[in-house]
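> Requesting a structural model of the entry that follows:
(4 chains)
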Number of protein chains: 2
Amino acid sequence: MPRKTYHHGDLKNALIQAGIEILAEEGVSGLSLRKAARKAGVSHAAPYAHFADKQNLIAAIASDGHKKIFEQFEAIRARHADDPLRQFLIGAWAYMQFGLESPDHYKITFSGAIQDEHSHPEFLEYSQRNMQALRNIIERCRSAGVLSGEDVNSELQAVSIWGLLHGLVLLMIQGQLPSRLMQTTPAKDMLIAALQQFVRVPIHKKMLG
Amino acid sequence: MPRKTYHHGDLKNALIQAGIEILAEEGVSGLSLRKAARKAGVSHAAPYAHFADKQNLIAAIASDGHKKIFEQFEAIRARHADDPLRQFLIGAWAYMQFGLESPDHYKITFSGAIQDEHSHPEFLEYSQRNMQALRNIIERCRSAGVLSGEDVNSELQAVSIWGLLHGLVLLMIQGQLPSRLMQTTPAKDMLIAALQQFVRVPIHKKMLG
DNA sequence: GCACAAATCTTGACGACGTCAAGATTCTAG
DNA sequence: CTAGAATCTTGACGTCGTCAAGATTTGTGC
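Just a heads-up that it's a prediction; the model follows:
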């Protein structure tokens, strides 16, 4: 359906949305500027008015991923303001769910599709905001005395936890875990087993929301 | 330099090696069948005598990565046959070092460049062999009583540890950790902080070999 | 209200890529 | 020695990222 106006009106966002849809339909390798342009109903070179190159579209899509996670973190923080452990557990589960539900959007957001993060300040800012949110939660958990390993530097502990979450999500969405395990063990149980290593209190399934 | 014989002689391996070099020089996004062919001194379609498509070359390169890791695991197991904790710590460090020294070879091996692992049996076998090696080490560590979290299922613990290692390596080689942290903290220290969460005994730097 | 600059979009081109088909060359089994 | 298999080359096709030139629309200063 050709559009009526010569100008699209909101092409930049349309391209980002088209890109996200392509990721869901065809995965990271199926994402191309030309396909996003087609989906938005414009010619193949139109995106260059809004994105200097493909990397910049990817950075915008990745920033959107970070933003979605951050919004969840904020909502969780508000809903469980007085319970840092719940913030931690439910936040971790929300993070994992984003990966499981939108695997390729997750990959493009967190797994190095951006060559030089330093040249995409918007992405960098969103990324740091999430890192800071995680650190805050962990700091509060430590104060509450619910984390084990309190002898290690708290920033290093945050990195460890993020690494664990990130690695686990990637192994899952890429089908790299033994298939028998994937069929018998719900993701939530794997997450609990992993997080239990960092949490002094026993974690029940209900605690993940 | 054109070669003397019409037949290359060992093109399959030459393409794999060329691919690994390209990964080191230009990264994952610079890897192409045509470039590997050029590097091996053959025409652009010659690779198709040995690899059905690009995915199959990638799978071969990834298998090589798995093999390199596995050989290290075997050597470490032999050298510290009576000390499972050392096997675990030194093995983990070797794994991380492969990632740090050959980041793009690591990525292609462990980070989902292969679309459908099920259709590359060679890769699958190497991959499972490494997973099994990790499980064996962890099992022996548990028997020796040096791991914490012995209440969780041992396979889930193995997955957690692999996830932690994998995630940490990826965050490092993709520069996703806070830059201040990366400059001040050696990789070995980050690894120790992470592994300490799983190990009852205090880990000293020397224990990583 | 109008000329003109800026923003946006189209068309057309280029080289690189993955892949296939047809044919040339070499190896190997019988 | 010969026929077929394996290997390699050449040439083609469609897709892609990107750039340049030009068309269309929007916005701004007067």
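> Residues of chain A that sit close to DNA strand D?
A:5-7, A:31-35, A:44-45, A:48, A:52-55 (Cβ under 7 Å from any atom of the strand). For glycine as for every other residue, the C-beta is placed from the backbone atoms N, C-alpha and C.
> mind running it again at 6 Å?
A:T5, A:Y6, A:H7, A:S32, A:L33, A:R34, A:K35, A:H44, A:A45, A:Y48, A:D53, A:K54 (Cβ under 6 Å from any atom of the strand).
> Of those, select the buried ones using a PyMOL command.
Under the burial definition 16 or more other Cβ atoms under 10 Å in any protein chain shown, those of these that qualify are selected in PyMOL by:
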select buried, chain A and resi 33+35+54
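> The residues of chain A next to DNA strand D in helices, which ones?
The helices, defined by DSSP state H, take in A:L33, A:R34, A:K35, A:K54 from the residues of chain A next to DNA strand D.
> what's in contact with the helix or strand where A:I108 lies?
Secondary structure assigned from DSSP states H and E places A:I108 in helix A:103-110. With contact meaning Cβ atoms under 8 Å, 6 or more residues apart in numbering or on different chains, helix A:103-110 is reached by A:20, A:23-24, A:27-28, A:31, A:58, A:61-62, A:64-66, A:69, A:98-99, A:113, A:166, A:169-170, A:173-174, B:112, B:176.
> could you point out which element follows it?
helix A:121-144.
> elements contacting that following helix?
Counting by 3 or more Cβ pairs under 8 Å, 6 or more residues apart in numbering or on different chains; DSSP states H and E, the packing neighbours recorded for helix A:121-144 are helix A:54-79, helix A:84-101, helix A:154-173.
> Deepest in the core, which of these is it.
For these, the stretch with the most neighbours on average is helix A:154-173, a mean of 23; neighbours defined as mean count of other Cβ atoms under 10 Å in any protein chain shown.
> about what we covered before: redo the helices and strands packed on helix A:121-144 as a markdown table? Include mean pLDDT and distance to chain B.
A markdown table is the format used below for the helices and strands packed on helix A:121-144 (pLDDT from 0 to 100; distance: least, Cβ to the nearest Cβ, whole Å):
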| stretch | mean pLDDT | distance to chain B |
| --- | --- | --- |
| helix A:54-79 | 98 | 10 |
| helix A:84-101 | 98 | 11 |
| helix A:154-173 | 97 | 3 |
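> Map the structural domains onto the sequence of chain A.
Split into domains by automatic domain parsing, chain A comes to A:8-51, A:58-208.
> Can you lay out those as JSON lines showing distance to B:A81?
As requested, those are exported to JSON lines (distance: least, Cβ to Cβ, whole Å):
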{"stretch": "domain A:8-51", "distance to B:A81": "43"}
{"stretch": "domain A:58-208", "distance to B:A81": "26"}
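> what about A:D189, which SS state?
helix (DSSP: H, G, I helix; E, B strand; the rest coil).
> quick one: contacts for it?
A:K205, B:L156.
> And for A:I20?
A:I61, A:D64, A:S102, A:H105.
> same thing but at 10 Å, please
A:L31, A:A36, A:I61, A:D64, A:G65, A:K68, A:S102, A:D104, A:H105, A:I108 (Cβ atoms under 10 Å, 6 or more residues apart in numbering or on different chains).
> What count of nearby residues applies to A:D10?
By the criterion of other Cβ atoms under 10 Å in any protein chain shown, A:D10 has 10 neighbours.
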